[in-house]
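Visitor: dropping a prediction and its sequence here:
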Amino acid sequence: MAEFTICFLKKGDYILLLNRDKPQWMGAWNGVGGKIEQDETPLAGALREIKEETGITVEDITYKGKITWTDGVVNYGCMYAFIAELPESFTFETPIKVAEGILDWKELTWIFHPENVGIADLKYYLPTMLNETANYDYIFTYQDKKLVNISSAPIEQTSTV
Ligand SMILES: Nc1nc2c([nH]c(=O)n2[C@H]2C[C@H](O)[C@@H](COP(=O)(O)OP(=O)(O)OP(=O)(O)O)O2)c(=O)[nH]1
């Protein structure tokens with residue numbers, strides 16, 4: 001089962017999102033992240049992808065839960081989600097073109113606007129991750145490439161990755 005990370009770099013009411021040049025979520029705004037390498041922990045993978053895709057070294061990063069993709073029978077992949085808080089004094093000029101696409105700071109109200117058709121499926125899990133200290137295991141069920149069901153259950157508060 002392929003394992004990925006998805007990371008949200010947050011500064012105040014803004015999140016640094018990536019509009020990807022390639023699948024998955026090609027052309028849509030999403031967190032940064034990628035495939036976890038062999039013998040790499042999810043946290044190490046998240047820190048590596050953040051550095052590779054943005055050049056930023058984060059210090060304050062928190063594991064926020066796991067999203068598993070299933071067809072209802074077989075789990076075919078998952079991603080570990082992280083939020084990294086950046087201090088108000090941190091500066092990173094955007095928009096900026098990087099190897100994977102375009103990085104830009106996006107305001108939370110823009111990201112979660114009901115008319116916004118340009119974002120990945122983060123509206124289903126990111127609000128809870130931003131607002132709650134509890135972590136959840138999310139199960140996303142796809143049929144014919146369409147998301148047909150989402151369920152979530154709390155993860156042990158002490159869980160680390
Ligand atoms: N595979 C997959 N990734 C997803 C989905 N939804 C979602 O937000 N993602 C995220 C997880 C990763 O942050 C990103 C996909 O990463 P990627 O395939 O570009 O991985 P990578 O950077 O290691 O790519 P590569 O160098 O191996 O081509 O998209 C999904 O449904 N499937």
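Guide: Thanks, I have it.
Visitor: against which helices or strands is the lengthiest helix in the chain packed?
Guide: As assigned by DSSP state H, the longest helix anywhere in the chain is helix 42-54. Helices and strands touching helix 42-54, by 3 or more CB pairs under 8 Å, 6 or more residues apart in numbering; DSSP states H and E, are strand 2-11, strand 61-70, strand 75-85. (Each C-beta comes from the backbone N, C-alpha and C, glycine too.)
Visitor: starting at the chain centroid, how far to the following helix or strand past the first one?
Guide: Sequence-wise, the next helix or strand downstream of strand 2-11 (DSSP states H and E) is strand 14-20. Its chain's C-alpha centre and that of strand 14-20 lie 10 Å apart, by CA atoms, centre = their mean, to the nearest Å.
Visitor: is the ligand within reach of the helix or strand following strand 14-20?
Guide: Remark: after strand 14-20, the chain's next helix or strand is strand 29-30, criterion DSSP H and E. Yes. Strand 29-30 reaches the ligand (CB under 6 Å from any ligand atom) through Asn30.
Visitor: outside of strand 29-30, which residues touch it?
Guide: Ile6, Leu17, Leu18, Asn19, Arg20, Asp104, Lys106, Ile111, Gly118, Ile119, Ala120, Leu122 (CB atoms under 8 Å, 6 or more residues apart in numbering).
Visitor: and what of stretch 76-85?
Guide: 1-11, 31, 33, 36, 42-43, 45-46, 50, 58, 60-70, 125-126, 129-130, 161.
Visitor: try it again at 7 Å.
Guide: 1-10, 33, 42, 46, 50, 58, 60-70, 125, 129, 161 (CB atoms under 7 Å, 6 or more residues apart in numbering).
Visitor: can you pull the buried residues of that stretch?
Guide: Cys78, Met79, Tyr80, Ala81, Phe82, Ile83, Ala84 (16 or more other CB atoms under 10 Å).
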